[in-house]
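>>> would you be able to build a 3D model of this:
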Amino acid sequence: MAWRRLWRTPPVFNLVFWDLLISLVVVSVYTARLAHDLPKSLTNPAHLLSGQAAPLTLAPGALLRLGLFLATVLLIVTPFRVAGLYGGAAESLGSEGRRSFLYFFSVGRRLFWRGLVITGAGVALLLVVVLLGVGASLVGGVPVLGPLALAVWVLAILAAVTIAFRGLGALAAANTGAWAAIQDALRWCQQHGGPTLGFGLLTGLLLLAAFWIVAQLAFVPVLGPILAFGGLWVMTGMLAVLPTVLYRVTTGE
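Residues are numbered from 1 along each chain as shown. Below you'll find the model as predicted:
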């Protein structure tokens, strides 16, 4: 259903365009202004994956610049992007008609505070999953408890995926208050354990498959970057409409 709604709502692709463009600007600013001041252990993916210890000394003033950059991205850029993309997608799916080319920015400005709530809720949910992972690793070597803790952590990840999408859909599409929307998402997932875990598993597998396909497209000679960007564009559009579709299906709207 989400796939059909995506292709029947062309304005969503305009929202995706601006979202990806802002992402490109953020990455460009990081690369041009911050990356050269950070230790290679934080900027070299090969070193990060190797697991080797490395000194984390920063250039003078680099920590302050990095903190300001992260604060700006977390408190301003991300809420605006979330509001523009997901709020705009929810409104586009809810009504017919053409949207202006700059619709992303009008929605982002109007729903900015809701986008800030969504960002904060997302960070809190991620923190819970990370803490559960730390707890699972601490008891990993204990017989019986180790496998049980790992199983609980995996189930928590699957549930977190559904809670994130369901909550995002409620916050983007519902006219209720932000806290009421979050409570509604948590309540629904608690009452529908099977569908919650099943949706999380299916969505996780589909996302992994989509990322793998986009990565493979990037290796196509000559047209690789264009094909990869097109795949990322479609995937982002799908992620933009999925929360609203999930919310409406589960509420019968």
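>>> contacts, neighbours, all on C-alpha from now
Will do.
>>> so which strand or helix has the residue of the chain most remote from its centre?
Distance from the centre of the chain peaks at Pro143, with 35.2 Å (C-alpha atoms, centre = their mean). Counting by DSSP states H and E, no helix or strand carries Pro143.
>>> again with the one 5 residues further on
When elements are assigned from DSSP H and E, Leu148 belongs to helix 145-173.
>>> what's the answer for Gly194, then?
Using DSSP H and E, the element containing Gly194 is helix 193-217.
>>> got the contact list for that helix?
155, 157-163, 189, 224-225, 227-229, 231-232, 235 (C-alpha atoms under 8 Å, 6 or more residues apart in numbering).
>>> buried stuff in that helix?
Thr196, Leu197, Phe199, Gly200, Leu201, Thr203, Gly204, Ala210, Val214, Ala215, Leu217 (16 or more other C-alpha atoms under 10 Å).
>>> stretch 127-135 now?
Within stretch 127-135, the residues scored as buried using 16+ other C-alpha under 10 Å are Val129, Leu132, Gly133.
>>> which residue sits closest to the last one, ignoring its sequence neighbours?
Closest residue to Gly133 apart from its sequence neighbours, by C-alpha to C-alpha, 6 or more residues apart in numbering: Trp153 at 6.1 Å.
>>> now swap in the second one and tell me
Nearest residue to Leu132, sequence neighbours excluded (C-alpha to C-alpha, 6+ apart): Trp153, at 6.1 Å.
>>> who touches Leu68 in this structure?
Leu68 neighbours (C-alpha under 8 Å, 6+ apart): none.
>>> can we start the residue count at 776 from this point?
Done: numbering now begins at 776, and the last item shifts to Leu843.
>>> so for Leu930, what's the pLDDT?
On pLDDT, Leu930 comes in at 88.
>>> what strand or helix carries Gly842?
Going by DSSP H and E, Gly842 is in helix 837-847.
>>> all helices for this protein, in order.
777-782, 786-804, 815-818, 820-825, 837-847, 853-857, 863-869, 878-885, 887-913, 920-948, 953-966, 968-992, 999-1026 (DSSP state H).
>>> worst average pLDDT in those?
helix 820-825 (a mean of 50).
>>> that older thread, winner for burial among the helices of the chain?
Greatest average neighbour count among the helices of the chain goes to helix 853-857 (a mean of 25), per mean count of other C-alpha atoms under 10 Å.
>>> what about the closest residue to Ala993 other than its chain neighbours, distance to Val989?
Among residues not flanking Ala993 along the chain, Gly999 sits closest, at 4.2 Å (C-alpha to C-alpha, 6+ apart). Separation of Gly999 from Val989 (C-alpha to C-alpha, to the nearest Å): 9 Å.
>>> what does Val1020 give?
Distance of Val1020 to Val989, computed by C-alpha to C-alpha: 24 Å.
>>> for Gln966, same thing?
To Val989, Gln966 is 35 Å away according to C-alpha to C-alpha.
>>> cool, and Gly979?
15 Å.
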